[in-house]
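In: kindly return the folded structure for what I paste below:
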Amino acid sequence: MKGAKSKADTSKKADSKLSVKRKGSDRASKKPLKKEKTGKDPNKPKRPASAFFIFMEEFRKQFKEKNPNNKSVSAVGKAAGDKWKSMSQDEKAPYIAKQEKRKTEYKKVMASYNKKQAEAQNEPEDEEEEEESDKSKSEEEDDE
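Out: Numbers count the residues shown, from 1 in each chain. Next up is the predicted model:
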């Protein structure tokens, strides 16, 4: 009899485990769905690099010359970060000036990009009206 009880106990335990799993799947279905992200425009201008990243462009070249066998990206980043922190404002000035120059260029390019986007938004409405008239013409041809 003890053997029969143990088999029944194990089947009850298995049933309780299944019921727990079902409860978990119910919770997952109640979660709100994530909103789909809109695609990024590949024509949109990229933001300008910060002064530190402009410094990094030059520092990478110097670091490669000094350490040609080093292929670790993190080592280059750490060394550049340490050097950037130790630099005075006078030493950082040329990189900051380059960054400001790139920033003004970026603002000009973004202004023209935004104008093009505004014009493009106005044009599709006219195209939609033309498509509707094209549909009605094709429908008329089908009717004949």
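
In: which residues in the protein form helices?
Out: Remark: helices assigned in the chain by DSSP state H are 2-30, 51-66, 73-86, 89-143.

In: lowest-confidence stretch among these?
Out: Comparing mean pLDDT across the helices of the chain, the weakest is helix 2-30, with a mean of 56.

In: any idea how far K108 is from K115?
Out: As for K115, its distance to K108 is 11 Å (criterion: C-beta to C-beta, to the nearest Å). C-beta here means a position set from N, CA and C on the backbone, and glycine is covered the same way.

In: likewise for S50?
Out: 19 Å.

In: what about those two, which has more around it?
Out: S50 (14 against 10; other C-beta atoms under 10 Å).

In: so what's that one up against?
Out: Applying C-beta atoms under 8 Å, 6 or more residues apart in numbering to S50 gives the contacts Q99.

In: again with the one 4 residues further on
Out: Contacts here follow C-beta under 8 Å, 6+ apart; on that basis I54 touches Y95, K98, Q99, R102.

In: which residues touch the second one?
Out: The neighbourhood of K98, defined by C-beta under 8 Å, 6+ apart, consists of A51, I54.

In: likewise the third one?
Out: Contacts of Q99 were listed using C-beta under 8 Å, 6+ apart, and they are P48, A49, S50, A51, I54.

In: turn those into a markdown table, including distance to A75.
Out: Formatted as a markdown table, the contacts of Q99 follow (distance: C-beta to C-beta, whole Å):
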| residue | distance to A75 |
| --- | --- |
| P48 | 26 |
| A49 | 21 |
| S50 | 21 |
| A51 | 22 |
| I54 | 20 |
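
In: pull the most distant pair out of the residues you listed.
Out: P48 and A51 (9.9 Å; C-beta to C-beta).

In: my guess is A80 meets K61, correct?
Out: No - using C-beta atoms under 8 Å, A80 is not in contact with K61, being 11.3 Å away.

In: so these two - more neighbours on which side?
Out: Per other C-beta under 10 Å, whichever of A80 and K61 has more neighbours is A80, with 19 against 10.

In: gap between that one and Y95?
Out: Distance of A80 to Y95, given as C-beta to C-beta: 12 Å.

In: what residues do the two have in common as contacts?
Out: F55.
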